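>>> A structural model of the following input is requested.
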Amino acid sequence: MTDLHKEHHLESEICDYLGRSGWLYEEGSAARYDVGLALFPEDLLAWVRECEPEAWETLEKTHGSSAGAVLCQRVRDALNTRGALVVLRDGLDIIGLTKTLKICQFRPALTMNPHLQYRYDANCLRVVRQVRYSSSNGNELDLVLFLNGVPVATAELKSNYTQSVQDAVEQYCTDRLPKPPGKPAEPLLSVPGGAVVHFAVSNSDVMMCTHLDGAHSRFLPFNQGNAGGAGNPGTTAYLWQEVWQPDSWLDILGRYVIR
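Residues are numbered from 1 along each chain as shown. Next comes the predicted model:
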C-alpha cells in the first residue's frame, strides 16, 4: 500500500465523520470550486438568497443573470483588501444596496430571537477534498473547509506509517507558496484574503499557521498535551471530532472574529 493510499484513508475518515456531523460533504465537489475567486460560489449564493433576500432581489434587478458573478467578485475583492475575519464579522457594502450585506451568522447570544437562530442554522459548512487551488500548477490541498463559500481553513494530511506532521509543514513551506516566483498570487493562501488558518495533520500531531510565507511560515503546535508534556495522549481525532464540530468550529471562528 502506498503512502498516498494511507493518507487517502485518513482523508476519507475525516470527511465521512464531518459529513455525519452536519457538514456538507460529497465526492467530487472540488470540481465546483472557483480557483480564480477561491470561493465555493453555490454556498455563498445559497446563504445570501436565503438570509438576505432583499439584497439578493436588488442585485438581480440591477445585474440580471450576472448577479451571482457580481456578488462573488465583490466578496473576493473585500476579502483581498480587508481579510476573511473582517468580512465575516462586518459583511460588505455593495453599491446599490441600502445596508451592509452579511454573509454569515455567528451563534446568537440569546436563543430567544428566532430570526437570528434561523440565520445561524442556515450557515453552510462544507469540507472539500483534493482541491486544486492554483491556476498556475496542478497542486492540490488535501482538505479545504468553507463557511458559506468562504474558505476558512486548509489542511495537509500525513500518515504516520512513513511520514510525520513535519512533512506536511514542509509541504506548506516549499510547495504551497502564496506568491510563487513569476506567478500570480494564490488567493486561497495569501494574506489577508486567503483561508484564516492552515493545519498540518498527522495521526499523532497537529500544527497550525495563520500566515503562510514560504520558508518563513511559522507553524505552532495545536495539540492537547500529554501528561503535562507535548503531543497528544492518543490520535488527532479530536481535531475533527471536537474542534471541527459545527457549533464548536463556528464558536472558535466567532471568538476570533467578534472581539
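>>> ok, the closest residue to residue 196 other than its chain neighbours - contacts?
Leaving aside its sequence neighbours, residue 196 sits nearest to residue 152 (CB to CB, 6 or more residues apart in numbering; 4.9 Å). To be clear about C-beta, it is placed using only N, CA and C from the backbone, and glycine gets the same treatment. Listed by CB atoms under 8 Å, 6 or more residues apart in numbering, the contact set of residue 152 reads 84, 88, 145-146, 195-197, 253.
>>> how about the host helix or strand of residue 152: buried residues?
Using DSSP states H and E, residue 152 falls within strand 150-157. Using 16 or more other CB atoms under 10 Å as the test for burial, strand 150-157 gives 150-157.
>>> likewise for stretch 54-68?
Of the residues in stretch 54-68, 55-56, 58-60, 67-68 count as buried by neighbour count, 16+ other CB under 10 Å.
>>> for stretch 128-145, same thing?
Applying 16+ other CB under 10 Å to stretch 128-145 flags 128-129, 131, 133-134, 141-145 as buried.
>>> compile the residues you listed into a markdown table and extend it with columns for distance to residue 203 and secondary structure.
Formatted as a markdown table, these follow (distance: CB to CB, whole Å; DSSP: H, G, I helix; E, B strand; the rest coil):
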| residue | distance to residue 203 | secondary structure |
| --- | --- | --- |
| 128 | 22 | strand |
| 129 | 17 | strand |
| 131 | 22 | strand |
| 133 | 24 | coil |
| 134 | 27 | coil |
| 141 | 19 | strand |
| 142 | 14 | strand |
| 143 | 15 | strand |
| 144 | 21 | strand |
| 145 | 19 | strand |
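>>> determine which two of those are furthest apart.
Maximum pairwise distance among those (CB to CB): 18.2 Å, between 134 and 145.
>>> before we move on, back to that, ok, the strand holding residue 152: who's next to it in the sheet?
Strand pairing for strand 150-157, determined by DSSP bridges: strand 140-147 (antiparallel), strand 197-201 (parallel).
>>> one step back: any chance of the buried residues of strand 150-157 in CSV, plus pLDDT and distance to residue 111?
CSV is the format used below for the buried residues of strand 150-157 (pLDDT from 0 to 100; distance: CB to CB, whole Å):
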residue, pLDDT, distance to residue 111
150, 98, 25
151, 98, 29
152, 98, 24
153, 98, 27
154, 98, 32
155, 98, 31
156, 97, 37
157, 97, 36
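>>> so which of those residues is the closest to residue 7?
So of the buried residues of strand 150-157, ranked by how close each gets to residue 7 (CB to CB), first place is residue 157, at 5.3 Å.
>>> which ones are touching the closest one?
Going by CB under 8 Å, 6+ apart, residue 157 touches 7, 10-11, 14, 142-143, 168, 201-202.
>>> can you name the residues that contact the nearest residue to it once chain neighbours are set aside?
Using CB to CB, 6+ apart and skipping residues adjacent in sequence, the residue nearest residue 157 is residue 142, 4.6 Å away. Residue 142 makes contacts with 7, 11, 129-130, 155-157, as judged by CB under 8 Å, 6+ apart.
>>> lovely, talk soon.
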